[in-house]
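Enquirer: A structural model of the following input is requested.
(chains A and B)
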There are 2 protein chains.
Amino acid sequence: MSIRIGIYGYGNLGRGVECAIKQNSDMELVAVFTRRDPASVSILTDSAKVCNVAEVEQWKDKIDVMILCGGSATDLPEQTPQLAKMFNVVDSFDTHAKIPEHFANVDASAKSAGKIGIISVGWDPGMFSLNRMYANAILPQGKDYTFWGKGVSQGHSDAIRRIEGVKDAKQYTIPVDAALASVRNGENPELTTRQKHTRECFVVLEDGADAAKVENEIKTMPNYFADYDTTVHFINEEELKTNHSGIPHGGFVIRSGKTGWNEENSHVIEYSLKLDSNPEFTACVIVAYARAAYRLSAEGQTGCKTVFDIAPAYLSAMSGEQLRAGLL
Amino acid sequence: MSIRIGIYGYGNLGRGVECAIKQNSDMELVAVFTRRDPASVSILTDSAKVCNVAEVEQWKDKIDVMILCGGSATDLPEQTPQLAKMFNVVDSFDTHAKIPEHFANVDASAKSAGKIGIISVGWDPGMFSLNRMYANAILPQGKDYTFWGKGVSQGHSDAIRRIEGVKDAKQYTIPVDAALASVRNGENPELTTRQKHTRECFVVLEDGADAAKVENEIKTMPNYFADYDTTVHFINEEELKTNHSGIPHGGFVIRSGKTGWNEENSHVIEYSLKLDSNPEFTACVIVAYARAAYRLSAEGQTGCKTVFDIAPAYLSAMSGEQLRAGLL
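Expert: Reported below is the predicted structural model:
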């Protein structure tokens, strides 16, 4: 019998989860929950139902794992604890500073209901976190570096779109090659924000907008751009659509450390991702952890977990014997 | 109270473990076991004892985890199951094809004694295996690539040394840049042995040896060199000592895969290591897993485990709260 999955929220991430389920033969999408009128939402999976979120309780015994695909700002802090009272849940909560609070809320709900909740799954937090943790445990004397990109930052693109005179925009975060090279070389540099990443913006102006004024507003925007070397390109709507409609991303987690009785030897551990589609890759990670949630729940475990708490084998459709024979 | 560690076998790996323990303040080296006369073995840790392997049973209750530092060919298949009857053990058994058999033997011993045995810990098998497994679980539609090097292959260096007329030798395994680039590009190439790695040999000849004959014997040696493009440099003993006495290694684990309803998007996951000292890095991984062995045993778990079976958090000296707040 396959693992019955529900998707709660059907945006880019929800569609990514739907695609990922198709690639995992031990899983089955049974329902997608939306705040919209279900009749207005068309999904890709013929065999799955589209339901309004108000109906979710009726699915209590028909879904093994509910995957939450809402946003971290307002959706997940409320939805994950709420749904963990009815379902095993997996979310991609990514507000790093609020993870301890979110963990506590989900843990309380999931424990009281005898369910499993896995939070902050994806690539950062998620696979990047895992790699930071493994590398730290292996090389206690060392230094961590995380670089993001080249990729689209939704938050920065939105910030540009809010400027008066901007019709549309896309912002790429780009790691600085020289910084990456120095880190890989084991030079353990101290890097400022400006030295680590540059920002490249593609902006479509409203008719009659003042390009110089917009460019200045972007480059001096506190938190988002002021601390970075930022390049602004003005392009037309057609060009934005043709060349910048994808959602690529990626990045690098590097730890360089020393070993030996007198710390005479250097080592560099690097993990990197190059992703055509940020939401589809995030969805793939989430779906693997949905398998883990199902298995942990079947073992009778309850409460909130993160990627740190879950043995790798739980993610794989292969048996222990197959893993040892084929991948060890 | 710190975790009391024993080292069984004091070669390069054993010394690496000793150095790694020094960097982990929750651990303490209590004894090193050797087949040699203990009086002839000097170690770096003042507070630890050197004992003959014959005395090991007397340490049954004084050591929390025994780290086995022998070889995979003859030492570990015998020693790990044997010592798992008395201690929690960790080894670096690396004969991939014989892992299932070794697992079964260690599992039986450890279960009967109520101990934990963690086998095949290091970087390959070990961290490379973990990364292959995670990447396979995340991208079910994809292709795996493992490249080794640039680094010293002990087995290939030994094979050259056995040739008549060779006084000493060092062999480097080197990944082919063009193959790496193609894989990173998501081209999913089918690569032959020759296309993936080259081999570079530094050879010191005995007086009067025939260089051309030695070079030919190396390049045509079945299994070791015949399937590779091999370069042979003849150097003098001094040069070998000055420039080739280190034991660097490393490598790359890459999985490229497709996502999307029609597999229209490509993704590349890459994990790489650049190591000044192969045995010291291997030792660091083993020591982190010794912490896990201690904790799993304290929880009452028994039997044989591999890196696939152990939740990442067990490796870290940090608490769950610290990990979630600092590394997630």
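Enquirer: what sits against the residue nearest the centre of chain A?
Expert: The residue lying closest to the centre of chain A (Cα atoms, centre = their mean) is A:Gly122, at 3.8 Å. By Cβ atoms under 8 Å, 6 or more residues apart in numbering or on different chains, the contact list for A:Gly122 reads A:Ser92, A:Asp94, A:Thr282, A:Val285, A:Ile286. Every C-beta, even on glycine, is put in place using the N, C-alpha and C of the backbone.
Enquirer: how close does A:His102 get to B:Asp61?
Expert: 43 Å (Cβ to Cβ, to the nearest Å).
Enquirer: Sorry, slip of the keys, the one I care about is A:Met221.
Expert: Applying Cβ to Cβ to A:Met221 and B:Asp61 gives a distance of 64 Å.
Enquirer: between these two, who's got more neighbours?
Expert: A:Met221 (18 against 9; other Cβ atoms under 10 Å in any protein chain shown).
Enquirer: Can you tell me the closest non-neighbouring residue to that one?
Expert: A:Ala159 (6.4 Å; Cβ to Cβ, 6 or more residues apart in numbering or on different chains).
Enquirer: Can you pull the phi/psi pair for the spatially closest residue to A:Pro77 that is not a sequence neighbour?
Expert: Leaving aside its chain neighbours, A:Pro77 sits nearest to A:His102 (6.1 Å; criterion: Cβ to Cβ, 6+ apart). With angles defined as degrees, to the nearest 10, A:His102 sits at phi -60, psi -40.
Enquirer: Tell me the buried residues in the longest helix belonging to chain A?
Expert: Secondary structure of chain A per DSSP state H: the longest helix is helix A:278-298. Neighbour counts over helix A:278-298 (16 or more other Cβ atoms under 10 Å in any protein chain shown) mark A:278-297 as buried.
Enquirer: Skip ahead from that helix and say which helix or strand is next.
Expert: The helix or strand immediately downstream of helix A:278-298 is strand A:303-305, counting by DSSP states H and E.
Enquirer: near chain B at all, that next one?
Expert: No - if you take Cβ under 8 Å from any Cβ of the partner chain as the test, strand A:303-305 misses chain B, and the best it gets is 8.8 Å.
Enquirer: Which part of the stretch 1-150 of chain A gets nearest to chain B, residue-wise?
Expert: Relative to chain B, the nearest point of the stretch 1-150 of chain A is A:Ala137 (3.9 Å; Cβ to the nearest Cβ).
Enquirer: got a list of what the closest residue to that residue other than its chain neighbours touches?
Expert: Once flanking residues are discounted, A:Ala137 sits nearest to B:Leu315: 3.9 Å by Cβ to Cβ, 6+ apart. Contact analysis of B:Leu315 by Cβ under 8 Å, 6+ apart lists A:Met133, A:Tyr134, A:Ala137, A:Ile138, B:Ala288, B:Tyr289, B:Arg291, B:Ala292.
Enquirer: Hmm, the fourth one is touching B:Ile286, no?
Expert: By that I understand A:Ile138. No - shown here, A:Ile138 and B:Ile286 do not form a contact pair, counting by Cβ atoms under 8 Å, at 9.6 Å.
Enquirer: now, among the contacts of B:Leu315, which is nearest to B:Gly117?
Expert: B:Gly117 lies nearest to B:Tyr289 out of the contacts of B:Leu315, by Cβ to Cβ, at 10.8 Å.
Enquirer: mind listing what's buried in stretch A:67-81?
Expert: Counting neighbours by 16+ other Cβ under 10 Å, stretch A:67-81 gives A:Ile67, A:Leu68, A:Cys69, A:Gly70, A:Gly71, A:Ser72, A:Asp75, A:Leu76, A:Pro77, A:Gln79, A:Thr80, A:Pro81 as buried.
Enquirer: so how far is it from its chain's centroid?
Expert: 13 Å (Cα atoms, centre = their mean, to the nearest Å).
Enquirer: what does that stretch rub up against?
Expert: By Cβ under 8 Å, 6+ apart, stretch A:67-81 touches A:5-11, A:13-14, A:17, A:83, A:89-95, A:98, A:102, A:105-106, A:108-109, A:117, A:119, A:286-287, A:290.
Enquirer: do that again at 6 Å, thanks
Expert: A:7-9, A:13-14, A:17, A:89-91, A:93-95, A:105-106, A:109, A:286, A:290 (Cβ atoms under 6 Å, 6 or more residues apart in numbering or on different chains).
Enquirer: swap in stretch A:254-264?
Expert: A:135, A:139, A:141-145, A:183, A:186, A:188, A:265-270, B:19, B:44, B:280, B:284.
Enquirer: so of these, which ones are in strands?
Expert: A:Gly142, A:Lys143, A:Asp144, A:Tyr145, A:Asn265, A:Ser266, A:His267, A:Val268, A:Ile269, A:Glu270 (DSSP state E).
Enquirer: Out of those, which are close to chain B?
Expert: A:Asn265, A:Ser266, A:His267, A:Val268, A:Ile269, A:Glu270 (Cβ under 6 Å from any Cβ of the partner chain).
Enquirer: Now do the contacts for the third one.
Expert: The reference is to A:His267. A:Gly257, B:Leu275, B:Phe281.
Enquirer: Can you read off the pLDDT for the last one?
Expert: In other words, B:Phe281. B:Phe281 is assigned 98 on the pLDDT scale.
Enquirer: Tell me how far the nearest residue to it once chain neighbours are set aside lies from B:Lys196.
Expert: Nearest-residue entry for B:Phe281: B:Leu275, 4.5 Å, with adjacent residues in sequence omitted and distances by Cβ to Cβ, 6+ apart. Taking Cβ to Cβ as the measure, B:Leu275 falls 19 Å from B:Lys196.
Enquirer: Between those two, which has more neighbouring residues?
Expert: A side-by-side neighbour count of B:Leu275 and B:Lys196, using other Cβ under 10 Å, places B:Leu275 first with 23 against 19.
Enquirer: Give the bridge partners for that one, please.
Expert: Here B:Leu275 sits in beta bridges with A:His267, B:His249, going by DSSP bridges.
Enquirer: thinking it is in contact with B:Gly250, fair?
Expert: Yes - under the criterion of Cβ atoms under 6 Å, B:Leu275 makes contact with B:Gly250 at 5.0 Å.
Enquirer: Show the residue spans covered by the helices in chain A.
Expert: Going by DSSP H, chain A shows helices at A:12-22, A:75-83, A:99-113, A:127-138, A:154-161, A:177-184, A:193-196, A:211-219, A:237-243, A:278-298, A:320-326.
Enquirer: between the contacts of B:Leu315, which is nearest A:Ala212?
Expert: Checking the contacts of B:Leu315 one by one against A:Ala212 (Cβ to Cβ), the nearest turns out to be A:Met133, at 46.2 Å.
Enquirer: now the contacts of B:Leu315 as TSV including pLDDT and distance to A:Gly246?
Expert: Compiled in TSV, the contacts of B:Leu315 are given as follows (pLDDT from 0 to 100; distance: Cβ to Cβ, whole Å):
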residue	pLDDT	distance to A:Gly246
A:Met133	98	30
A:Tyr134	98	30
A:Ala137	98	36
A:Ile138	98	35
B:Ala288	98	38
B:Tyr289	98	40
B:Arg291	98	43
B:Ala292	98	41
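Enquirer: B:Val214: which of these is nearest?
Expert: A:Ile138 (39.5 Å).
Enquirer: What is the neighbour count of that closest one?
Expert: Considering only other Cβ under 10 Å, A:Ile138 is surrounded by 28 other residues.
Enquirer: ok, the closest residue to it other than its chain neighbours - contacts?
Expert: Distances taken as Cβ to Cβ, 6+ apart place B:Cys284 nearest to A:Ile138, at 4.8 Å, with adjacent residues excluded. Taking Cβ under 6 Å, 6+ apart, we find B:Cys284 in contact with A:Ile138, A:Thr259, B:Ala20.
Enquirer: Show me what from the stretch 1-150 of chain A comes close to chain B.
Expert: Residues of the stretch 1-150 of chain A lying near chain B (Cβ under 6 Å from any Cβ): A:19, A:23-24, A:44, A:99-100, A:103, A:120, A:125, A:129-130, A:132-133, A:137-138, A:140-141.
Enquirer: switch to 7 Å and redo it
Expert: A:19-20, A:22-24, A:44, A:96, A:99-100, A:103, A:120, A:125, A:129-130, A:132-134, A:136-141 (Cβ under 7 Å from any Cβ of the partner chain).
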